[in-house]
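> model this:
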Amino acid sequence: MIKACSVDVVCAEPDLSVSAAISFRQTSLSRLLRAAFVFPSDFKPIAVRPPAYSSPSSVMPDTHSARRKRKSDVTADNRAKPKVPHLDESTEPVPSSFLPSLMAIKQGFYLDSPNELVKFYQFCTTLDAKKPLGALMDILQLRLVGPFEVLHLGISSTVEPGQYVRCHRYFHDPPELVTLLTGPNNLHYGYFRDTPTEKPAVVVKTDPSIGGELNLVAPTLFAAVKSLLSKKPTASAEVLLKKLCNFAKQNNIILDATGREKSERRARCVCPTLNGMGLVVKLRGGDIGYRPLSVSDSKLSALLKAVATAQTEESQLAKLEAVDQLVTYAQFACDEGDYGQSLELGLSLLAFRTKDIKPNQVTVFNSRIKHLLSVGYELAGRPEFSHVVREHMNDRRVDPIGMPWNSE
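I've put the predicted structure just below:
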């Protein structure tokens, strides 16, 4: 088995959460990677290390994608942009009866819940007091799951960190996503946040039967459901929409999106990813934290498709060499503090699958996804997400497990 790169490079200290189990003052990045993570057993490293990154021109040229940013561009952008405000405007305190459940959600899902999570559950109890988790089924064919199940049962017992991270985690779901609503054919909606310590910024929708693309729907769950109801030309949907609007008005909840959510999201990202959400990482010391991949999104997709559709094991191993070269470059980038490249590549591998490719054809990437994202999230100070991806790749399912109880 080939372990991580052995070149010792001491890097600038990144901003880490208190829970991060890594001391950068005492341990070089390369030693950390050698001690904690290994490459996939079938990984073939390249023999020659690329030159150290010193300027945008030193990266292999990317002529295919105008969207891909150089480090200096990202740094200037990050300095110029104000922080995007979160639209959870409800200032009314959460009822104390929900606090133990919210703590269980924070521990079990690594989700710092916004006030609207409780408000939305309370709204659903006004629709069906006995079975609020199914209150949207008749009209929207959506069921409340995950964190809502914890609220519904009033879970207050001790929950292990990350105990629920595999629950309702679908085949392509990144660690940033926590599922809230499930529909037909594994369609689901959830909160998306860039770090486990920040409150969710947006609600996304994804259909894993098609692929791993995430679609930004609205800034809040209330706004997302309002949008869905507005598109339903039925009398029952109109009645439910009025109830939603009245509840929101009584509780000072914002229902309307600004229309700028997608552009603001793109502005915060250092690069695009194949899941459509892009990557947000904090740059340090000028521009340390991210460098671009050496290939465009279209070229990367072509490389991955060639591997997934290979007809023989021998052919697949040969085609994997181009992907493993990118993995090696990402490892070198991590050694030099630019862990964003490892996250970019790992998230794109996780999201990749075209409609004509079956899920079992892309599981060849699982060990690479696990390695890239485990390392990247640890170095980015997001160890909770590292835990999520390890759990996910150890048991990656098309039909995920539910919560460990019967909610209704």
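
> Verify the stated contact: residue 144 with residue 136.
Yes: with contact defined as Cβ atoms under 8 Å, residue 144 counts as touching residue 136 (7.2 Å). Any C-beta I mention is one placed from the backbone N, CA and C, and that applies to glycine too.

> can you list residues touching both of those two?
Overlap of the contact sets of residue 144 and residue 136 (by Cβ atoms under 8 Å, 6 or more residues apart in numbering) consists of 124, 181.

> Looking at the two now, which is surrounded by more residues?
Just comparing residue 144 and residue 136: by other Cβ atoms under 10 Å the higher neighbour count belongs to residue 144, 24 against 21.

> Apart from its chain neighbours, what residue comes closest to the most centrally placed residue in the chain?
The centre of the chain sits closest to residue 176, judged by Cα atoms, centre = their mean, with a distance of 2.7 Å. Closest residue to residue 176 apart from its sequence neighbours, by Cβ to Cβ, 6 or more residues apart in numbering: residue 192 at 5.3 Å.

> since we're on that neighbour, how many residues are nearby?
For residue 192, using other Cβ under 10 Å, the count is 21.

> gap between the closest residue to residue 395 other than its chain neighbours and residue 363?
Leaving aside its sequence neighbours, residue 395 sits nearest to residue 166 (Cβ to Cβ, 6+ apart; 6.5 Å). According to Cβ to Cβ, to the nearest Å, residue 166 stands 16 Å off from residue 363.

> Ok, residue 305 next?
Distance from residue 305 to residue 363, by Cβ to Cβ: 15 Å.

> quick one, which of the two is more surrounded?
With neighbours defined as other Cβ under 10 Å, residue 305 and residue 363 compare such that residue 305 has more, 18 against 14.

> pLDDT weak spots in the stretch 51-200 of the chain?
51-91 (pLDDT under 70).

> now with 50?
51-87 (pLDDT under 50).

> can you give me the strands in it?
Applying DSSP state E, counting those that start in this stretch to the stretch 51-200 of the chain gives strands spanning 143-144, 177-182, 188-192.

> Need the ones you listed in TSV (columns: distance to residue 372).
Listed next are those as TSV, based on distance: least, Cβ to Cβ, whole Å:
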stretch	distance to residue 372
strand 143-144	33
strand 177-182	17
strand 188-192	20
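
> And the ones you listed: which comes nearest residue 318?
strand 177-182 (33.7 Å; Cβ to Cβ).

> hang on, residue 126 packs against residue 244?
No: applying Cβ under 8 Å as the test, residue 126 and residue 244 come out as separate, 10.0 Å apart.

> Pick out whichever of these two has more residues nearby.
residue 244 (20 against 13).

> Residue 251 versus that one, what's the distance?
Residue 244 sits 11 Å away from residue 251, going by Cβ to Cβ.

> Tell me the first helix or strand C-terminal of the top helix by length along the chain.
When the chain is scanned for its longest helix (criterion: DSSP state H), the result is helix 313-335. Using DSSP states H and E, the helix or strand that follows helix 313-335 towards the C-terminus is helix 340-351.

> For the spatially closest residue to residue 209 that is not a sequence neighbour, the count of nearby residues, please.
With sequence-adjacent residues excluded and distances taken as Cβ to Cβ, 6+ apart, residue 209 is closest to residue 185, at 5.1 Å. By the measure other Cβ under 10 Å, the count of residues near residue 185 is 10.

> what about stretch 250-267, how long is it end to end?
Taking Cα to Cα, to the nearest Å, stretch 250-267 runs 34 Å from one end to the other.

> now swap in stretch 131-145 and tell me
12 Å.

> buried sites along that stretch?
For stretch 131-145, the neighbour count (16 or more other Cβ atoms under 10 Å) marks 131, 132, 133, 134, 135, 136, 139, 140, 142, 143, 144, 145 as buried.

> Ok, stretch 246-255 next?
247, 248, 253, 254, 255.

> Lowest-confidence member of those, which is it?
Lowest in pLDDT among those is residue 254, which has 85.

> Could you measure from it over to residue 137?
Separation of residue 254 from residue 137 (Cβ to Cβ): 26 Å.

> what's the answer for residue 337, then?
49 Å.

> do the same with residue 213
Going from residue 213 to residue 137 by Cβ to Cβ gives 25 Å.

> Please apply the same query to residue 206.
For residue 206, the distance to residue 137 - Cβ to Cβ - is 20 Å.

> likewise residue 261?
Residue 261 is 27 Å from residue 137, where distance means Cβ to Cβ.

> so what's residue 234 up against?
Counting by Cβ under 8 Å, 6+ apart, residue 234 touches residue 139.

> Provide the backbone phi and psi angles at it.
phi -130, psi 160 (degrees, to the nearest 10).

> just to confirm, which helix or strand has the nearest residue to residue 138 once chain neighbours are set aside in it?
Spatial nearest neighbour of residue 138, chain neighbours left out: residue 236 (7.2 Å); criterion: Cβ to Cβ, 6+ apart. Here residue 236, judged by DSSP H and E, is contained in helix 235-250.

> Hmm, residue 228 and residue 240 touching each other?
No: look at residue 240 against residue 228 with Cβ under 8 Å: they stay out of range, at 10.0 Å.

> Run a quick neighbour tally on residue 157.
Neighbour tally, residue 157, other Cβ under 10 Å: 6.

> For it, give me its contacts.
Neighbours of residue 157 in contact, by Cβ under 8 Å, 6+ apart: residue 104.

> Could you check how far it is from residue 128?
Counting by Cβ to Cβ - residue 157 and residue 128 are separated by 26 Å.

> Domain parsing of the chain, as residue ranges.
Domain assignment for the chain, taken from automatic domain parsing, gives 30-83+263-394, 96-261.

> is it possible to export those to CSV including distance to residue 403?
Below are the domains of the chain laid out as CSV (distance: least, Cβ to Cβ, whole Å):
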stretch, distance to residue 403
domain 30-83+263-394, 15
domain 96-261, 5
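
> can you tell which of these is closest to residue 402?
Taking Cβ to Cβ, domain 96-261 is the member of these nearest to residue 402, at 6.1 Å.

> so how far is that closest one off the chain centroid?
16 Å (Cα atoms, centre = their mean, to the nearest Å).

> how long is that domain end to end?
32 Å.

> how near is the residue nearest to residue 128 when sequence neighbours are not counted to residue 333?
The shortest distance from residue 128 to any non-neighbouring residue, by Cβ to Cβ, 6+ apart, is to residue 135 (4.4 Å). Counting by Cβ to Cβ, the gap from residue 135 to residue 333 is 47 Å.
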